[in-house]
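Asks: Turn this into a structure:
(chains A and B)
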Amino acid sequence: MATILIAAIWLIAVKGGGWQQSYPHFTYLSGWGLFGLMLILTAYNGRKKLPFIPLLSSRLWLQVHLYLGLFTGVVFLLHLRWSWPSGWFEAALAFLFSTVTGSGIVGWWLSRALPPRLTTVGGEVPYDRIPEVVRALREDAERVALGAIPAARTTTLSDFYASRLAGFFAAPANFTAHLRGSRRPLNRMLAQIGEVRRFVNSEEGKSLDQLADLVRSKDAVDLQRSLQLVLKGWLFVHIPLTYSLLLASVAHIVVVYAFSGGAR
Amino acid sequence: MSAVALAPDRPRRWSVAFSEDMSDAAVQRLLGIAPFRHMNAASFPRSAPLADILRNDAGIRRYKKGEIIVREGDYGTSAFMVVSGAVQAVLSPGLPPAIVGRREPSRRGWFSTLAQWWGNSREDEVLRSKPGFGVAGGKSRSGGAEGAGIVLQDIPRVLGNHRTAALVAGDFFGEIAALSRMPRTATVFADEDGTELLEIRWQGLRDLMRHDPQLRRHIDGIYRERALATYLSEIPFIRRLPEEAKQRVMAATQFETYGDYDWSGEYKKLIQSGAMAAKEQTIAAEGDYPNGVIMIRAGFARLTQRHGHGHRTISYLGSGRVYGFDEVAHNWRHPLDPIPLQHTLRVIGYTHVLVIPTVTLEQVVLPALGPEDFPPSRVGRQEARSAPVAPISAPGTHVRGISVPAAFSGGKSRTLEESPLPVEARVDSELMEFLTENRFFNGTEAMLIDMDRCTRCDDCVRACASTHDNNPRFLRHGPVHENIMVAQACMHCADPICMIGCPTGAIHRDAFEGEVVVNPSTCIGCTVCANNCPYGAIRMVEARDESGRILVASDAKPIVKATKCDLCLDQYGGPACVNACPHDALDRVNLNTLDDLAAWLRR
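Replies: Got it, this is the predicted structure:
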C-alpha cells in the first residue's frame, strides 16, 4: 500500500499541474473525489459498529484508512491549487480538514508510541478499573499511616501523610509528567519519604517502606491512566472534527453549486 | 417494580433426559441383557440408581443398513453398545470426508446477523434460546449422534476397499472419545436394517463404571487395545513396517499413564497458595540410558535440560510427539559411542504415553528404516560430558514431530511440520517457562495480545459483546510475559478439564471442529465447569428476563448459567475479537505446538 501511495503522489506531483490546465472543471472533479474519499474514510467508523458482519478485518480497514488518509491530503492540496483559500468559510473548511488530518497523524503516532511505554511500566490495569484500584491504594495508605500512631505514640507519619501524600492518593495525579515520561514527581515524593525517615523509629520505618511501595504502585496506576486516557481521548478530537468536516463539506458543495452561475 | 422474577423450577441433572423414548419397558428390557443383567443394583447410590441412569442418560437408537453412527474425527460425548444387529467399524485409513457427509455447524442467517445491530438486548444476560445450538449438549439427535441420517451408498465397495471390524451384540464402541475428550477414532456404520444400539452419554457411562468393577475392567481393556493398535498404525516409521513386524511392535509396546486425570484441582490449589508448579513426575531422566522411545498419546509433558542447579524448559510435548528416538537411533548406528538421554521428560498434569522398548526398535524398526529417516549424528558420549550445555538454538536439540491425524491431534487436523530452524530456537525459553508454568500449552485457541501493539481501545471486547447479545465473553486481562498477555478467554483446550463432571453435558465439544461450547438450555448452573477451569475462562452469570429482572427459582435463589467464549461459532467471519483488532495485536493461537506461536511472534 505504501508503494501505491507513493506512486499516486508522484503521479499527482508530475501530472497534477497538467491536469488542472487541461481540464477546466478539474476543481469540481477533485472536489467530488475529495468528498468521496472522505466518505470512504468515515466508513471505517461504521465498520467498527458492525463487528458481526464479515466486512474484512479491522486491521485491513485501518491500513487502508491510513494510506487513503494521506492520499486524501494530497488530493486536498491539489483541490486548493496548492494555496490557502481566502474566503472565511473556505478557510474554516480548510482548517477543519487540516485538523482532522493532523489529528489522525497524531493519533497514528500515539498508537505506535504509547503502548510499548504502557507495557514497559507494567502493572496492567483496565481503564475502567482504575478508580477501584486507586481507591484500594488510598485505603491501604491511610491504614498504614494511621496504623503507625499507636505503636509510635507520635503523629509524625500521619502528619506527613496528610500534608504530602493524601492529595496524591486522593485522585489521579501527574498527568502531564507521565505524558512527558518524567519521573520527577515520583522521585520527589520518594525523597520526601527518605527525609522523614530520620524522625521516625524502626516500626515507623517499616510503615514508611510500605508507604513508599504504595506510592510507586499509585504512580504506576497514574501512568497507566494518563497514557490510556490519551490513547482513548484523541478519538474524541478526531471523530467529532470528522463529522463537522463532512457537514461543512456538504454546505460547501451547496454553496459552490448555488453560486457557480453556470460556470461549471 | 420487583428486581427479581420467579423462574420455572431450578433445572437439575435429569431435568432434560438424554432420550425422550426411554420408557419403563425399554429400561426393563435393558436390565435383562448383558452387561446390565449381571450388575449389582444395590451397589448404585440412591441418588443415581442403575435404572435411572439407563432411563435418563441413555437412549435406544435404531439404524438402517449403511447408516453412519459415528464419524472418525468428530467429537462426541456418548458411547454405544450393540443391543441387536451388527455394525462395522472402518479401520485406518478412514473413509473420505465426502462419503461421510461432513457439514459445518449451522450459523445465523444474514438477516439474523444484521438484526444484532438493533436487536441486542439492553439488559445483561437475558436468557434467550441461542441459534446454532439445536443439538443440546448431552442430547443426541434421533437416529444417531454426529452422523445423523447419513447412509453409505455402496457398502460392499466400502467393505472391499477398507479394512473393517465387525461388532455384535454386547460390544461397546465410542467409549474412547466419550471418556477421554478426544475425537472419534473410527467411522462406524450399521450393517443390518433395524440395528439397535444403546447410546449412553459419558456421564452415565462414568457412573456405570464407577459402580460396576467388571464393566470398568472391560472398558479399560478395550480402551487400551483399540487405542494402542490404532495409534501405532499412524506412526510413520511403524506404518511402513511389514504386518508381522507391526504385530511384534504392538505386542512389545507398553502403555503408561502418569499424573492425575483431574489435574486441574491440584493445579488451582498450587496457584492459590502461590507455589510454583509442584514437582512433576519424571517420565525419563536426562543422563539415563535410553531404554525406549516414548510417544505422547494424550496430555502434555515438559522437556527440560539441566542448567546450573536447575532445569530449563526446552519445550513441551503434546499428542503425537516423540521423545528419545534420536538417542536410540544414534546408539544403534554407533554402538561404540553411545549417548544417554539428552533431556528430561516430566509429566504436566497428566499424560498417556506409549513406550516402544529399545530392544524392539533395534530388532524390528531401525533395520527397516532408510537413511533419510534417521536424525543427524550426535556427538559421542565423551564429548557430551565435556561439552557445555547445548544452547537452545543448537540444531539437533529439536524434538521430532510426526504427522498427527485429526483423530489424535486433540483438536483440528494438523501436521507438525519441522522447519529448518528448530521451533524452540524461535520461542525463547523464558516464554516457554511462562506457558508451561501456567499450563497454557493446553489451549488450541488461546487469546494472545501483544501489549506493545494494543492501544487498550477495547474494540475486541465491544465486538465480543455485539456478537453475544451485548454480553462480552472474555476479559482483556490475564498473565503477562514481557509484552505477551494471555487473556482470560476460553482457550478451547485440547484437554478440556471443564467438561469433567458436568452433570448434563451442557458443556460439550461441537461435533464439527471441536470447539468447547456451553448450551444454556441444559446448563443447570452447578459451577463445576467454572471451578474446574484452571484459567478462569468460565464465568457464572445470573440469568435475567427481557426487562432485566434476575430470574429466581422456587427456592428463591437466582438462576445462574455458565458463560464463556464460543469462538463465535454461529457467526460469519470467525472470532469477532480477532477481526475487530485494528492493530494486529490480538490473535487466537494454538499453543499445543510451538509452531503457531513462533509464526505469530514473527509476524
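Asks: so where do the strands sit in the stretch 1-150 of chain B?
Replies: B:4-6, B:58-63, B:68-70, B:78-84, B:87-90 (DSSP state E, counting those that start in this stretch).
Asks: Residues of the stretch 1-150 of chain A that sit close to chain B?
Replies: A:48-54, A:57-59, A:61-62, A:110-111, A:114-116, A:118-119, A:122, A:124, A:126-127 (C-beta under 8 Å from any C-beta of the partner chain). Where you see a C-beta, it was placed from the backbone N, CA and C, and this is true even at glycine.
Asks: out of the strands of the stretch 1-150 of chain B, deepest packed?
Replies: Ranked by average neighbour count under the criterion mean count of other C-beta atoms under 10 Å in any protein chain shown, the strands of the stretch 1-150 of chain B are headed by strand B:68-70 at a mean of 27.
Asks: So which other helices or strands are in contact with it?
Replies: Helices and strands touching strand B:68-70, by 3 or more C-beta pairs under 8 Å, 6 or more residues apart in numbering or on different chains; DSSP states H and E, are strand B:187-190.
Asks: Partner strands of the strand it packs on and their direction?
Replies: The strands beside strand B:187-190 in its sheet (DSSP bridges) come out as strand B:68-70 (antiparallel), strand B:87-90 (antiparallel).
Asks: Quick one: residues in contact with the longest one.
Replies: Contacting residues not belonging to strand B:87-90 are listed as B:63, B:69, B:72, B:158-159, B:162-167, B:173, B:186-191, B:195, B:197 [C-beta atoms under 8 Å, 6 or more residues apart in numbering or on different chains].
Asks: May I have the phi/psi pair for the most centrally placed residue in chain A?
Replies: Against the mean C-alpha coordinate of chain A, by C-alpha atoms, centre = their mean, the closest residue is A:Trp234 at 3.3 Å. Backbone geometry at A:Trp234, expressed as degrees, to the nearest 10, gives phi -60, psi -30.
Asks: so where's the stretch 1-150 of chain A uncertain?
Replies: The stretch 1-150 of chain A contains residues with pLDDT under 70 at A:12-24.
Asks: For chain A, just list every one of the strands.
Replies: Listed in chain order, chain A contains no strands at all (DSSP state E).
Asks: what does the domain assignment say about it?
Replies: A:2-121+A:239-258, A:127-230 (automatic domain parsing).
Asks: Name the residues of the longest strand seen in chain B that are buried.
Replies: The residue-count maximum for a strand in chain B (DSSP E) belongs to strand B:292-307. For strand B:292-307, the neighbour count (16 or more other C-beta atoms under 10 Å in any protein chain shown) marks B:292-305 as buried.
Asks: so what secondary structure elements neighbour it?
Replies: Looks like strand B:292-307 contacts helix B:213-232, strand B:254-259, strand B:282-284, strand B:310-317, strand B:322-323, helix B:325-333, strand B:344-357 (3+ C-beta pairs under 8 Å, 6+ apart).
Asks: switch to 7 Å and redo it
Replies: strand B:282-284, strand B:310-317, strand B:322-323, strand B:344-357 (3 or more C-beta pairs under 7 Å, 6 or more residues apart in numbering or on different chains; DSSP states H and E).
Asks: okay, the angle between it and strand B:310-317?
Replies: Orientation check (axes from the mean of the first three to the mean of the last three C-alpha atoms, to 10 degrees): strand B:292-307 against strand B:310-317 gives 140 degrees.
Asks: The closest residue to B:Pro340 other than its chain neighbours and B:Ala245, how far apart?
Replies: Distances taken as C-beta to C-beta, 6 or more residues apart in numbering or on different chains place B:Gly287 nearest to B:Pro340, at 4.9 Å, with adjacent residues excluded. When distance is defined by C-beta to C-beta, to the nearest Å, B:Gly287 is 31 Å away from B:Ala245.
Asks: which one of the two has more residues nearby?
Replies: Legend: neighbour count by other C-beta atoms under 10 Å in any protein chain shown for B:Gly287 and B:Ala245, higher for B:Ala245 (17 against 13).
Asks: Export only the CA atoms of stretch A:197-211, formatted as CSV.
Replies: This file holds the C-alpha atoms of stretch A:197-211, laid out as CSV (Å, rounded to 0.1, in the frame of the first residue of the first chain):
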residue,chain,number,x,y,z
ARG,A,197,12.8,8.7,57.9
ARG,A,198,15.3,10.4,60.2
PHE,A,199,12.4,11.4,62.5
VAL,A,200,10.8,8.0,63.0
ASN,A,201,11.7,4.8,64.9
SER,A,202,12.2,1.4,63.4
GLU,A,203,8.5,0.4,63.4
GLU,A,204,7.5,3.6,61.7
GLY,A,205,10.3,3.0,59.3
LYS,A,206,8.7,-0.2,58.2
SER,A,207,5.4,1.7,57.7
LEU,A,208,7.4,4.2,55.6
ASP,A,209,8.7,1.4,53.4
GLN,A,210,5.1,0.2,52.9
LEU,A,211,4.1,3.8,52.0
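Asks: Fine by me, we can end here.
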